[in-house]
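Undergrad: structural data only, the sequence is not supplied:
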């Protein structure tokens, strides 16, 4: 059934005149009469009684009028929804991030984003970096945010540097230190993240290069547990700068290696095989703008050498739209 037939039927019923309805729907009177006749043949019903030059709805026509109006309203609602989707005004976006990124970046950003785009539904998933890339690759996430640099099959935009930090109890020993070399940690009791953390892998690689064997006393998935133990004097915690620090009883020192800052970059990543909706591209742009204004660890830029951008990602890939 052609929706135009229903629109013609409703207009003839509302005006009780083929000639008036023809003017309203912008076709000729004979053409409109043929369209109504075709609809009656398709339905096997007589919709109008014709008495001289006047027409009126039959009981069957009365019954179908409200249903026809309902179908036309639903069709218009679908068209309007499609217009909003095309404009990026509504939609659903699946976003994943690491726990530290949720705490220090996404919580504040999403509050702003939802105020400016209340009709975009954002669903969230927390996972580690490797798991996030798997979820993006399998199509379970549209975007992933964290210390996960894009690979050959992933597009991405760099957001901000993630430094490796040494956390020690506040006291005279570290008071004059703005940064700390990896080799200076060789004999210290260390509180480390588990080896599946990307920043832990970076620290281990730096230790191998400098030919030191770190003296780890605890490995944990819980960053704040490491910081609490460091605050109590049980060792030095090695954590990423994406952590939100709440205590003032600690000394925070960016870790350097031969005078160069040690760390990686946070990025927002998507699968190049799949296209992103308009509102997904807008989400990336707004997240970039947000992290240019503020990001965790930004104050350390003033006390430690800058962290170089990865050379392969200086020019951000183009987002594929749908």
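TA: Happy to help now that I have it. Nothing here was measured: the structure is a model prediction, and the numbers come from that model.

Undergrad: only C-alpha atoms for contact and neighbour calcs from this point on.
TA: Fine.

Undergrad: shaky segments in the stretch 51-200 of the chain?
TA: Scanning the stretch 51-200 of the chain for pLDDT under 70 picks out the ranges 80-81, 83-90, 151-152.

Undergrad: what's around residue 50, how many residues?
TA: Residue 50: 11 surrounding residues under other Cα atoms under 10 Å.

Undergrad: now it: closest residue in space that isn't a chain neighbour?
TA: residue 56 (6.7 Å; Cα to Cα, 6 or more residues apart in numbering).

Undergrad: pull out the buried residues from stretch 136-143.
TA: Using 16 or more other Cα atoms under 10 Å as the burial criterion, the residues of stretch 136-143 that qualify are 136, 137, 141, 142, 143.

Undergrad: wait, what's in contact with the third one?
TA: Residues touching residue 141, when contacts are defined by Cα atoms under 8 Å, 6 or more residues apart in numbering, comprise 94, 95, 96, 135.

Undergrad: okay, those in CSV with distance to residue 203 next?
TA: Listed next are the contacts of residue 141 as CSV, based on distance: Cα to Cα, whole Å:
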residue, distance to residue 203
94, 31
95, 28
96, 25
135, 26
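
Undergrad: what would those look like in CSV with neighbour count, secondary structure and distance to residue 251?
TA: Formatted as CSV, the contacts of residue 141 follow (neighbours: other Cα atoms under 10 Å; DSSP: H, G, I helix; E, B strand; the rest coil; distance: Cα to Cα, whole Å):
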residue, neighbour count, secondary structure, distance to residue 251
94, 17, strand, 37
95, 22, strand, 34
96, 29, strand, 31
135, 18, helix, 37
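
Undergrad: now, among those, which is nearest to residue 123?
TA: The shortest approach to residue 123 among these belongs to residue 94, at 4.9 Å (Cα to Cα).

Undergrad: distance of the closest one from residue 193?
TA: Distance, residue 94 to residue 193, using Cα to Cα, to the nearest Å: 27 Å.

Undergrad: circling back to that earlier point, and of the buried residues of stretch 136-143, the nearest to residue 36?
TA: Closest to residue 36, out of all of the buried residues of stretch 136-143 and judged by Cα to Cα, is residue 142, at 47.4 Å.

Undergrad: quick one: contacts for that closest one?
TA: Residue 142 neighbours (Cα under 8 Å, 6+ apart): 93, 94, 95, 136, 270, 271, 276, 280.

Undergrad: rerun at 10 Å
TA: By Cα atoms under 10 Å, 6 or more residues apart in numbering, residue 142 lies in contact with 92-96, 135-136, 269-271, 274-277, 280.

Undergrad: what of residue 163?
TA: 199, 239-242, 253-256, 261-265, 296-298, 300-301, 304, 306-307.

Undergrad: would you confirm that residue 227 contacts residue 240?
TA: No - the criterion here is Cα atoms under 10 Å, and residue 227 misses it with residue 240 at 11.2 Å.

Undergrad: hmm, residue 105 is touching residue 293, no?
TA: No - look at residue 105 against residue 293 with Cα under 10 Å: they stay out of range, at 11.4 Å.

Undergrad: the two - which one has more neighbours?
TA: Neighbour count, other Cα under 10 Å: between residue 105 and residue 293, residue 105 has more, with 23 against 8.

Undergrad: where is the longest helix in the chain?
TA: helix 59-87 (DSSP state H).

Undergrad: could you say what helices and strands that helix packs with?
TA: Counting contacts by 3 or more Cα pairs under 10 Å, 6 or more residues apart in numbering; DSSP states H and E, helix 59-87 packs against helix 3-15, strand 48-51, strand 54-57, strand 91-97, helix 278-293.

Undergrad: okay, angle between that helix and helix 3-15 too, please.
TA: Relative orientation of helix 59-87 versus helix 3-15 (axes from the mean of the first three to the mean of the last three Cα atoms, to 10 degrees): 120 degrees.

Undergrad: buried sites along helix 59-87?
TA: In helix 59-87, counting by 16+ other Cα under 10 Å, buried: 61, 64, 65, 68, 69, 72, 85.

Undergrad: next: stretch 239-257.
TA: 239-244, 250-257.

Undergrad: now the helices for this structure?
TA: 3-15, 18-25, 29-43, 59-87, 99-101, 107-116, 129-137, 198-209, 223-231, 278-293.

Undergrad: do you know which of those helices lies nearest residue 183?
TA: helix 198-209 (7.7 Å).

Undergrad: name the residues that touch the closest one?
TA: Residues contacting helix 198-209 (Cα under 10 Å, 6+ apart): 128-130, 147-148, 162-165, 182-183, 185-186, 192-195, 210-214, 238-241, 255-257, 262-264.
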